[in-house]
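Visitor: Structure of the sequence below:
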Amino acid sequence: MAKCFSFSLSRFLIFSFVLLQTQTGNGSNATPIKLRVGVPKKDGFRQFVDVVPSDSHEKKYNVSGYCMDVFNAVVTRLPFKVSLHIQQPYGIESSEISGTYDALLHQIPAKYDVVVGDVTILANRSNFVDFTLPYTGSGVKMLVPAQHGRQQAMWIFVKPFSWELWLSIVIISTFIGFSILIMERNVNALPDHEGSPNRAKLSPATILWFPISQAILPERQVVAKNCSRFVLMVWLLLAFVLMQSYTANLTSILTLDQLRPSFLNVNDLRKGGYYVGYQTGSFVKDVLVHQFNFDSHKLRAYNTSSEYHDALKMGSEGGGVAAIFDELPYLKVYLREYGSNYILSGPRYRNAGFGFAFPFNSNLTADFSRAILNVTESDLMKEIEEKYFGKNDDIGGEETSTEISSATLSLNFHSFAGLFLITGISTLLALLVSETVIWQRAILIAKAYSQKFLFSTPPSPQTRVHPTQDSTHGSIEAV
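Guide: Residues are numbered from 1 along each chain as shown. Below is the predicted model:
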C-alpha cells in the first residue's frame, strides 16, 4: 500500500512539474526560443533584403529591407519570445544548382532554423520545407519596351463614341422623328401654303434622317406646330453637345501619344527566336523552360534593375534581350525607376507569393502564420510598404497597365444619360400635349363602353321582334 501511494505521488509530482514547465514556456517569463536566421545576399533589388556587415571580420550582419521588417513585425505578434541570430548570408549569385534560392532553402535545418527574404512559395519547395502563409502576393509577368504611336485605323472615326452611345443616338433620333411626324400629320394633309412644312421631309421614309439633317443643316419653318418646334429645339441642344464632344474626343484619339507593348504574348518571342532575361537565382528560369517552352540557350540572367534596363535598351540582336520575365514585386520596383519607356504585357503566371521557410513539419509554422495574418491586417503593413516602395503602391497586388487604348477613350452612354433623359421626357410631354384629340377620343370611347355595359337594361321577352311574311305585301311585321 505504501509503495502504491509513493508511486502515485511521484507521478503526480512529475505531472505537476511538466504542467508548470508548459505554462511557464507560454508566459512572458519563458526562455526565448533561439532561431538561426538565414537570409539571401544579392546585388540587386535591395529594397527587399539588404545585408551589410557590422564589423570588419563579417561575422555579424545588419539585415534590413521590406522582408526583414515584415519578419520583425511578425515576431512581435508571437505568443512567445524569440531570440534571433543572423547567420552568414547565402549568396544568390548563380542560376545553377548552387547559388539559387532552392539551394538556400536546402540549408534548412542544417544551418538555418528559418529563412527570411524574398522567397517565393512554390509547390516543389514545399516538399522539403514548410512555408508560412504569404505576406505579399506575386506572379510572373513579362516586361517589354513600350512603343509610342498614334491610332491609325480605317474605322477610327467611330471610336469617339462607344457602341451603346451610337445605338442610343439612333434610337432617340428615330423617336424624335416619329413624334414630329405624328404631331405634323394633320398639317401635311393640308395644301401647301406659306409657313407650312415641306411634306417630303416629314414622310415616314425619312423618320430617322429628318432629325439628323436638322442637326447638321437646320432650316427655318420646317415644322408648323409649336410643340414640334419645342421638340426640335431640345433635339438640337442634344445634338450640339454630342457633336462638340465627338470632335474633341476624335482630336484626342488622333493626337494622343499612346503606349503599346512591343510584344503582346510569349508566342511572339518564342517563335521569333528572341533572347529573354530573368533574375539570377530565381525559379523563373524553370518557368521559362518548362512552362513557356523557351530554349535554355535563349535565356540570359541579370542581377540588378540597371542591368535589366541596359539589356532592354540593347535589344535581342544587340546582345541584350527583347523582354524580361520576373515576379511582379521586382517589376513594379523597376517600373518606378524606368517606367516611362516600358510596359507589362502578356498573361500572368500565378504563384502564392513571398513567405518564411521553416524546417519540414515545424511546430513554429502555424504560430508565425497566425502572426502574419495579424500584421497584414493592420496598418503596420501599409507603413512598411510605404517605407520602401512609396505610397499608393500595392507591391504584390494586381498589376495596372499603363497602356491607353481607344476603348478607354470612348465616351459611353452614361456620359450623356442626363441629356438623353431630358430629351426623351420633353418629347413625350410635347407629344401628349399636342395630341389632345387622341385623349378626347379615348375618353369618349370609354364613356360609350361604360354606358353600354354598365347602364344598359336587357330587352324584355314581349318586345322581341318576330319576322312574319305577308303573302300580299311581302313585308315583315312586328308582333
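Visitor: how's the chain carved up into domains?
Guide: 18-137+357-376, 142-149+259-350, 156-256+410-431 (automatic domain parsing).
Visitor: Export those to JSON lines and append columns for distance to K382 and mean pLDDT.
Guide: C-betas here are computed from N, CA, C, even on glycine. Formatted as JSON lines, the domains of the chain follow (distance: least, Cβ to Cβ, whole Å; pLDDT from 0 to 100):
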{"stretch": "domain 18-137+357-376", "distance to K382": "10", "mean pLDDT": "85"}
{"stretch": "domain 142-149+259-350", "distance to K382": "16", "mean pLDDT": "89"}
{"stretch": "domain 156-256+410-431", "distance to K382": "33", "mean pLDDT": "77"}
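Visitor: Relative to K391, which of the ones you listed is closest?
Guide: domain 142-149+259-350 (11.7 Å; Cβ to Cβ).
Visitor: Now do the end-to-end distance for that closest one.
Guide: 12 Å (Cα to Cα, to the nearest Å).
Visitor: cool, stretch 293-300 as well?
Guide: End-to-end for stretch 293-300, by Cα to Cα: 15 Å.
Visitor: Flag every buried residue along that stretch.
Guide: Within stretch 293-300, the residues scored as buried using 16 or more other Cβ atoms under 10 Å are 294, 298-300.
Visitor: Looking at those residues, which are in strands?
Guide: Taking DSSP state E, the ones among the buried residues of stretch 293-300 that sit in strands are 299-300.
Visitor: picking that back up, possible to save the domains of the chain as TSV with distance to Y449?
Guide: Compiled in TSV, the domains of the chain are given as follows (distance: least, Cβ to Cβ, whole Å):
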stretch	distance to Y449
domain 18-137+357-376	71
domain 142-149+259-350	68
domain 156-256+410-431	25
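Visitor: The ones you listed: which one's closest to E385?
Guide: Of the domains of the chain, nearest to E385 by Cβ to Cβ is domain 18-137+357-376, at 7.4 Å.
Visitor: what about that closest one, distance to the chain center?
Guide: 34 Å (Cα atoms, centre = their mean, to the nearest Å).
Visitor: What is the burial count for S316?
Guide: As a burial measure, S316 scores 20 neighbours (other Cβ atoms under 10 Å).
Visitor: where do the strands sit along the stretch 301-450 of the chain?
Guide: Secondary structure of the stretch 301-450 of the chain (DSSP state E, counting those that start in this stretch): strands at 323-327, 342-349, 357-359.
Visitor: Tell me which of the ones you listed sits most buried.
Guide: Per-stretch averages of neighbours, counted by mean count of other Cβ atoms under 10 Å, single out strand 323-327 among those, with a mean of 25.
Visitor: And it, what does it pack against?
Guide: For strand 323-327, the packing partners by 3 or more Cβ pairs under 8 Å, 6 or more residues apart in numbering; DSSP states H and E come out as strand 140-149, strand 276-279, helix 284-286, helix 305-314, helix 328-338.
Visitor: hmm, back to that, and the strands of the stretch 301-450 of the chain: which comes nearest V82?
Guide: Of all these, strand 357-359 comes closest under Cβ to Cβ, at 12.3 Å.
Visitor: Helices along the stretch 101-250 of the chain, start to end?
Guide: 101-105, 163-183, 185-188, 209-216, 226-255 (DSSP state H, counting those that start in this stretch).
Visitor: List the buried residues of stretch 280-287.
Guide: 280-285, 287.
Visitor: Rebuild those as CSV, extending it with distance to N341.
Guide: Below are the buried residues of stretch 280-287 laid out as CSV (distance: Cβ to Cβ, whole Å):
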residue, distance to N341
T280, 23
G281, 27
S282, 23
F283, 27
V284, 22
K285, 25
V287, 25
